[in-house]
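Engineer: Quick check, what structure comes out for this input:
(chains A and B, ligands or ions: 4)
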Amino acid sequence: MDLDKLLEIGNQCIHSEPPVCVASCPVHMDVIAFVHEIEKGNFAGAYKIMEQKIPFSRLIGKICDHPCETLCVRKGVGGSIRISELEKTVIDLGYTIPKKPLLLPKNKGNIAIIGGGLSGCVAAVELNKKGYKVTIYEKTDRIGGSLWEYEGKGLETAVIKEELLVIEKKGISICYNTEVLEENLYSYRGKYDALYLGAGEWSKAYRINPETFQVENSSLFIGGKIQSHNHSVIMSLSSGKRAAVSIDRYITKTSMLASREREGIFETKLTYKIDNVKPIDVVVKSSHNYSENEAKDEASRCLKCQCDACIKACVHMQRYNITPDRYIRSICHNERIVLGNRTANTMINSCTECGLCKEVCPIGIGMADIIHATRESMVERGKMPLSAHDFALKDMQYSQSDYFSLVRKQPSKEASKNLFYYPVIAFSAYARGLYKGSGKTGYLFYPGCQLSSTHADYIGDIYKHLVGVIKDKDADNDVGLYLGCCGAPADWAGRFDLMPESVQKIHKTWEEMGEPTFILACSSCASTFEKYLPMIKTLSLWEVFDTYGLPEVDIKKGKRELCIHDACATRHNSALHESVRSIVKTLGYSIHELEYSKEKAKCCGYGGLVSCANPEQAEDFVKDRISESEADVLVYCAMCKDAIVKGNKRAYHILDIIYGNEINQDSPQKMPTLSERQNNRKHLKQRLLKEIWGEEVMNTENIYNFTLHISEDVFAILEKRFILVSDIEKVIDNAITKKERFFNPQTLHYLARLRLQNVTYWVKYAEEGTDIFIKDVYSHRMEVVEG
Amino acid sequence: MKDHIETTTAWVCDKCDKALVSQKVKVRYLEGNFEVDLLKCPECNMVFIGEDLALGKILEVEKSLEDK
Ligand code: SF4
Ligand code: SF4
Ligand code: SF4
Ligand SMILES: [Zn+2]
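Structural biologist: Numbers count the residues shown, from 1 in each chain, chains lettered A, B, ... in the order given. Ligands and ions are numbered 1, 2, ... in the order given. Below you'll find the predicted structure:
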């Protein structure tokens, strides 16, 4: 993984970009923190925030010409936030006498300030803070310059005096009635390490660097009105502050320009959309300044502009309270760590790789690909936690084994002879389809492992329907069947080492079958095919239904409203979205579109194997998703249904409404357990072979001479701990035949253990003849060396 | 793995009908190899691991080894 490139992407994230008000404030007062404090009623806190950035804030806050308000995002939706008015109220209600400054030694150098106006005073105070000995030369008998223009017009005389007194209290020397002119400037340059000229008017026009305020490479720096050519109080103040930074850098011989791009007014990269912002008018003052409550109301109009589109949309980022900029940094840290714990592992395995963040990000930053690459890198370096995906990968292996995998051509005409008589041939489209058998497989129905685990009963009917409708219109092309797993779990787990095997197997079948079009019923299969098998043409089952016609099932048409939960893996397949909606409408339902639908679909929590690696995070996803609407949910992915039903929300697979199985609205819905899911796959294969191809299959089931009894409570434990009934059977069988078990004479329970591959399973049970009552099950991966 | 592991129990080995004793036992996971005191049958050496230990300390050590 190229970590530097990754960091570059992270740096594009504008989450930490300041709002436009802060960027256009020459001293960058933190407006959002400021209004937050006001809203809380903490005016002293708000004043502290002004003080952090605004020198002489008690004065400036009353007279600032507020460039921050010009571009405020609120401008078009009620009017700019009156930041300047808020500052006035904050000073009145929140001004606190500053702590006595510590008088530190001033030994970094000697500086002369020519002109005791506003910019000169600011430069003096700032340089004093940095440890310089500062002397102000002022031609009149008072400092403060243009501040006095506001006397009685915003500023009280006493307050001006009190604030300016601070300068001398800090140990800055002031020489009053001392006019410095261009002619004698030279002698001052000899006596001081640097000069700041802020006199307001000057006889000679110097060439001043607009970034550093330096004159050529000399020790002379110029700010204030001579430099800005305007009367802005805040610009003048800002120039004094910035010149002080330059003088310090000049004297300490550090780079004059490094990382100063964002001093003064700058352009923020933040763009804040106001599409959904309701207009609220500016709060009107009932007297001279905002009252406490008026200020709170005005502050609450502030939008607190910040980009958080992705975190708002994604419960994964919410759980870890992280945005892509910091996320990427912790990935890099996790990747680079040599000694110590990789603390971001669980987070990295808790993203569903759903891709929603990329859809909502104004600059298109997506975490899915980044996180995917990170998982692959973890696998490559042997740093992927084994337990995170172990169960899902073993389950995938099961699907790819002979228990489930199956490839068959359409039953031949010869083999189906016994169907070709009246009335079967007249009423069964399937029989007519077989009659037209061409021997050439044009289509291969690939239902996928998950649909076969949870909705096995539909698969045979769908297959027959496909043969009927497709052969009716397209006599040349037969429809075959392929049961298997596309390898999506391995992909999610970052197991690129397992992908070639899965993919090559499918590719080989496709070639052997004469390159048929695959008909897919699972959105994850579709993504895997697109990514690893782009040469194979695929169609979604829903598109096929929509174009060739739905199975004719005698059902009453539904009239209810359903909300459609689009599968996140299909977000860019708008044709599929339309097919699904068209089917739902054909069946008589009305559709409630969710806020996050189609290309903005939210994940159910199954994606990325999150339910395996971090079940709590998976629960967040489903909770978030089902809270979007009251209506029952319609899905077209078996895993989505599983997740939503487990989240206690009524959900129908599109096949449920196609085959009329959503009628019983009051009975609770239940999804098959992990063990049942494996059995369903195995039995599906056996059933289809028998019913459609007339092949008798040997029953490979293990026959044990005991009967397990597992209560619902214990079953819940099994599910939570990813333990299968078949694991328990093996433990018990071993315990009984070899007596490898412990016995508790008090409870009369047995406790037995058996290591299966990389896990040791423990089962506590009671035995009554051949009846075994399971009390508890648990497991660990640590290997115990007995002996 | 040192702290708090049971040293007595009502469980006995069913095959040998022996009370369990606490003894040093080798355990390993990934790159980690440890010796810990665990309850075992003094005759056939079968080691006893209770639910609290499996889902507590052992799980914790497994996780931290996985993150190493
Ligand atoms: S709405 Fe608030 S945060 Fe946004 S620009 Fe205006 S004052 Fe700044
Ligand atoms: S879960 Fe989805 S939205 Fe959240 S970070 Fe991962 S890919 Fe992005
Ligand atoms: S949407 Fe998220 S990733 Fe994109 S810029 Fe905003 S905070 Fe950053
Ligand atoms: Zn024993």
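Engineer: quick one, domains of chain A?
Structural biologist: A:18-97+A:266-300, A:110-251, A:309-384, A:388-548, A:561-669, A:707-780 (automatic domain parsing).
Engineer: and the residue of chain B nearest ligand 1?
Structural biologist: Distance from ligand 1 to each residue of chain B (CB to the nearest ligand atom) is smallest for B:Asp67, at 39.8 Å. In this view, the C-beta of every residue, glycine as well, is placed from N, C-alpha and C.
Engineer: How many residues are close by that residue?
Structural biologist: Per other CB atoms under 10 Å in any protein chain shown, the neighbour tally for B:Asp67 reads 17.
Engineer: So A:Ser779 belongs to a strand, correct?
Structural biologist: Yes - according to DSSP: H, G, I helix; E, B strand; the rest coil, the state of A:Ser779 is that of a strand.
Engineer: Might you report the residue contacts of the residue of chain B found nearest ligand 3?
Structural biologist: Going by CB to the nearest ligand atom, ligand 3 is nearest to B:Asp67 of chain B, at 26.3 Å. Applying CB atoms under 8 Å, 6 or more residues apart in numbering or on different chains, one finds that B:Asp67 lies in contact with A:341-343, A:345, A:385.
Engineer: Let me know the pLDDT of it.
Structural biologist: With respect to pLDDT, B:Asp67 scores 91.
Engineer: where does it sit relative to B:Leu30, distance-wise?
Structural biologist: Per CB to CB, to the nearest Å, B:Asp67 is found 10 Å from B:Leu30.
Engineer: now swap in A:Gly61 and tell me
Structural biologist: 61 Å.
Engineer: Looking at these two, which is more packed in?
Structural biologist: Neighbour count, other CB under 10 Å: between A:Gly61 and B:Leu30, A:Gly61 has more, with 23 against 15.
Engineer: wait, is that one part of a helix?
Structural biologist: Yes - assignment of A:Gly61 by three-state DSSP places it within a helix.
Engineer: Nearest residue to it in space, please, no chain neighbours.
Structural biologist: Among residues not flanking A:Gly61 along the chain, A:Glu87 sits closest, at 3.8 Å (CB to CB, 6 or more residues apart in numbering or on different chains).
Engineer: quick one: contacts for that neighbour?
Structural biologist: A:Glu87 neighbours (CB under 8 Å, 6+ apart): A:50, A:61-62, A:64.
Engineer: which of these lies closest to B:Val25?
Structural biologist: Nearest to B:Val25 out of the contacts of A:Glu87 is A:Met50 (CB to CB; 66.1 Å).
Engineer: Surely that closest one is in contact with A:Lys62?
Structural biologist: No - at 11.0 Å, A:Met50 does not count as touching A:Lys62 under the criterion of CB atoms under 8 Å.
Engineer: Quick check: neighbours shared by these two?
Structural biologist: A:87, A:91.
Engineer: Between these two, tell me which one has more neighbours.
Structural biologist: Neighbours around A:Met50 and A:Lys62, counted as other CB under 10 Å, are more numerous at A:Met50. The numbers are 24 against 20.
Engineer: Chain neighbours aside, what residue packs nearest to that one?
Structural biologist: Sequence neighbours aside, A:Ser57 is the residue nearest to A:Met50 in space, at 4.4 Å (criterion: CB to CB, 6+ apart).
Engineer: Can you get me a residue count around that neighbour?
Structural biologist: 24.
Engineer: Go ahead and confirm it touches A:Glu51.
Structural biologist: Yes - between A:Ser57 and A:Glu51 there is a contact at 4.9 Å, judged by CB under 8 Å.
Engineer: and A:Ser502, what pLDDT?
Structural biologist: Looking at A:Ser502, the pLDDT reads 92.
Engineer: Tell me who's in contact with the residue nearest to A:Met50.
Structural biologist: A:Ser57 neighbours (CB under 8 Å, 6+ apart): A:47, A:50-51, A:91.
Engineer: Sitting in helices, which of the residues you listed do you find?
Structural biologist: Of these, the ones assigned to helices by DSSP state H are A:47, A:50-51, A:91.
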